[in-house]
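> Return atomic coordinates for the entry below.
(one chain, ligands or ions: 1)
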Amino acid sequence: MTAQILDGKATAAEIRSDLKTRVEALRDRGVSVGLGTVLVGDDPGSNAYVTMKHRDCAEVGIQSIRRDLPATATQDEVERAVAELNADPACTGYIVQLPLPKGLDEQRVLERIDPAKDADGLHPMSLGRLVLMQPGPLPCTPKGIVDLLRRFDVPIKGAEVTVVGRGITVGRALGLLLTRRSENATVTLCHTATRDLAAHTRQADIVVAAAGVPDLITADMVKPGAAVLDVGVSRVDGKLAGDVAADVREVAGWVAPNPGGVGPMTRAMLLANVVEAAEAAAR
Ligand SMILES: Nc1nc(=O)c2c([nH]1)NC[C@@H]1CN(c3ccc(C(=O)N[C@@H](CCC(=O)O)C(=O)O)cc3)C=[N+]21
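So this is what the prediction gives:
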């Protein structure tokens, strides 16, 4: 038996098609939707991600606004780009592509985003709402993970979930999301100082690997039949590598591959956040 593939690529395409209909309905009511991006520097990976996001917007009928700044941009210049998008009525939501080049204060930039335009759910206000279990935009990757599990009927309620990685955008936010009453999973959050990682992954019904360590999760670390989601992004000799070894497919019940799993869902949830915000504002 080999694992069922949690096909994020196909699922994200379905979500975009649904969003397209919702964007058209908004347009019929005179509401336009616009997603902005702020990209600083010339990292090829970040550039590729931003380009994909704009392509997604075109497909769904969302206007997109792209602000690219050179790697030499100052803190002031980045904050000015943020202020401009806050003031731009055509921009209903936007993101600042992370990471920012060294020397720039990421948190200070994120704090200056108008929380009403926070498409990434990474503004401290949005993260605070997540902690408080109040409604608000959710970080795109955790939201995409929960949506992917739901659509493939992977049981979440009561499941033991081991999340590997405590980064704000994935691991930490996912732990908060999965322990809400609406999900009711039991979450173990592992990190670089975890003493026995394999002991935690082996008891999990769902393993989410978001550490950025190639092949960190091997078949011997997975309970037979478990769901394993690969969210790791690292580069080995210029090639993208995930956190999950290939042999995991032989023991897992479900696998979200990388690429083709959580990545496309992350982008779909970004669009969903912008559309949901526009719908809420139009009510
Ligand atoms: N403010 C901010 N928000 C983010 O959401 C954000 C960010 N900064 N910085 C970087 C990470 C990374 N990230 C990805 C999104 C989509 C894919 C994706 O769609 N990958 C495809 C294609 C991969 C490829 O072919 O290169 C796949 O997995 O199939 C990957 C990675 C969003 N991030």
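
> which one is the closest residue to the ligand within the chain nearest to, not counting chain neighbours?
Closest to the ligand within the chain is G263: 2.3 Å, counting by Cβ to the nearest ligand atom. Yep, even glycine has a C-beta here, placed from its N, CA and C like the rest. Distance criterion Cβ to Cβ, 6 or more residues apart in numbering; nearest residue to G263, sequence neighbours excluded, is G8 at 6.7 Å.

> do you know how far the one you found is from G34?
According to Cβ to Cβ, to the nearest Å, G8 stands 25 Å off from G34.

> neighbour-wise, which of the two wins?
The residue with more neighbours, out of G8 and G34, is G8; 29 against 20, by other Cβ atoms under 10 Å.

> Now do the same contact list for the more buried one.
By Cβ atoms under 8 Å, 6 or more residues apart in numbering, the contact list for G8 reads G144, L148, A256, G260, G261, V262, G263, P264, M265.

> Adding neighbour count, write these out as TSV.
Converted to TSV, the contacts of G8 look like this (neighbours: other Cβ atoms under 10 Å):
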residue	neighbour count
G144	29
L148	25
A256	31
G260	16
G261	27
V262	30
G263	24
P264	23
M265	29
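
> a markdown table please, covering the residues you listed and showing secondary structure and pLDDT.
Below are the contacts of G8 laid out as a markdown table (DSSP: H, G, I helix; E, B strand; the rest coil; pLDDT from 0 to 100):
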| residue | secondary structure | pLDDT |
| --- | --- | --- |
| G144 | helix | 98 |
| L148 | helix | 98 |
| A256 | strand | 98 |
| G260 | coil | 97 |
| G261 | coil | 98 |
| V262 | helix | 98 |
| G263 | helix | 97 |
| P264 | helix | 98 |
| M265 | helix | 98 |
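
> what's the most distant pair in those residues?
The span of the contacts of G8, defined through Cβ to Cβ, is set by G144 and G260 at 12.8 Å.

> Within range of the ligand, give me the residues from this structure.
Neighbours of the ligand within the chain, by Cβ under 6 Å from any ligand atom: 9, 48-49, 52, 95-98, 120, 140, 233, 240, 258-260, 263-264, 266-267.
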